[in-house]
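**Student:** Provide a 3D model corresponding to the input given below.
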Amino acid sequence: MTAKPQSPKRDYTVGALTPEAFLAMNMFIVRHLVRLYAAFDGDLVEAIVLGEVAHHNLSAYMTNAAKVRRTTGAATTPVPSPDDYLPTNAFSIAQATGIPRQTVRRKVKALVERGWLVEDRHGLVVSRVPFDHFSALNAALAADVMEIVNVLLTLTRPARGTR
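**Tutor:** Model (predicted):
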């Protein structure tokens, strides 16, 4: 059973992590990488490219959603419509990730063939397919994030001079 989530305190610093906290973070990261490796048939670069395209596509939507929450307290639509997407291109993805442009182009081609990306005259957008395909993976990740947050809150020492 997972402990009830707590609000992070601002007086914690990275330098204050205990060895147990570093180990917990490592376990979290490795578990997530192993799941990604399996989900992308061993191609982690493809996972990065898809993730960066999705991040770019939804960046304006997420910024606007955060503004709406801050100003009205209202939640936004759980799944944005394709009209909310900001298209991108292989060059921008290469710049954002540091992955060579030709490698990005090959990965984009593979992702388009899988139906996970759509390319049109405006650029690249993520299709609905990955949202459905990765729902279980994302649910597991969300549960792991909540667990690691609780572990870190338990294992992290306050920064010096703050008590």
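
**Student:** contacting residues around Val151?
**Tutor:** 21, 24 (Cβ atoms under 8 Å, 6 or more residues apart in numbering). C-beta here means a position set from N, CA and C on the backbone, and glycine is covered the same way.

**Student:** what helix or strand does the residue nearest in space to the middle of the chain sit in?
**Tutor:** In the chain, the centroid-proximal residue (Cα atoms, centre = their mean) is Gly51; its distance is 6.9 Å. Using DSSP states H and E, Gly51 maps to helix 44-72.

**Student:** Heading C-terminal from that helix, find the next helix or strand.
**Tutor:** helix 90-97.

**Student:** Could you list every helix and strand in contact with that following helix?
**Tutor:** Helices and strands touching helix 90-97, by 3 or more Cβ pairs under 8 Å, 6 or more residues apart in numbering; DSSP states H and E, are helix 44-72, helix 101-114.

**Student:** For the longest one, which residues meet the burial criterion?
**Tutor:** Looking back up the chat, that one is helix 44-72. Buried residues in helix 44-72, counting neighbours by 16 or more other Cβ atoms under 10 Å, are found at 46-50, 52-54, 56-58, 61, 65.

**Student:** Ok, the last one next?
**Tutor:** By neighbour count with 16+ other Cβ under 10 Å, helix 101-114 contains the buried residues 104-105, 107-108, 110-111.

**Student:** Report the separation between His56 and Phe134.
**Tutor:** Look at His56 and Phe134: by Cβ to Cβ, to the nearest Å, they are 17 Å apart.

**Student:** Just put the buried residues of helix 44-72 in JSON lines and tack on distance to Met146.
**Tutor:** Listed next are the buried residues of helix 44-72 as JSON lines, based on distance: Cβ to Cβ, whole Å:
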{"residue": "Glu46", "distance to Met146": "27"}
{"residue": "Ala47", "distance to Met146": "22"}
{"residue": "Ile48", "distance to Met146": "24"}
{"residue": "Val49", "distance to Met146": "27"}
{"residue": "Leu50", "distance to Met146": "24"}
{"residue": "Glu52", "distance to Met146": "25"}
{"residue": "Val53", "distance to Met146": "26"}
{"residue": "Ala54", "distance to Met146": "22"}
{"residue": "His56", "distance to Met146": "26"}
{"residue": "Asn57", "distance to Met146": "26"}
{"residue": "Leu58", "distance to Met146": "22"}
{"residue": "Tyr61", "distance to Met146": "23"}
{"residue": "Ala65", "distance to Met146": "20"}
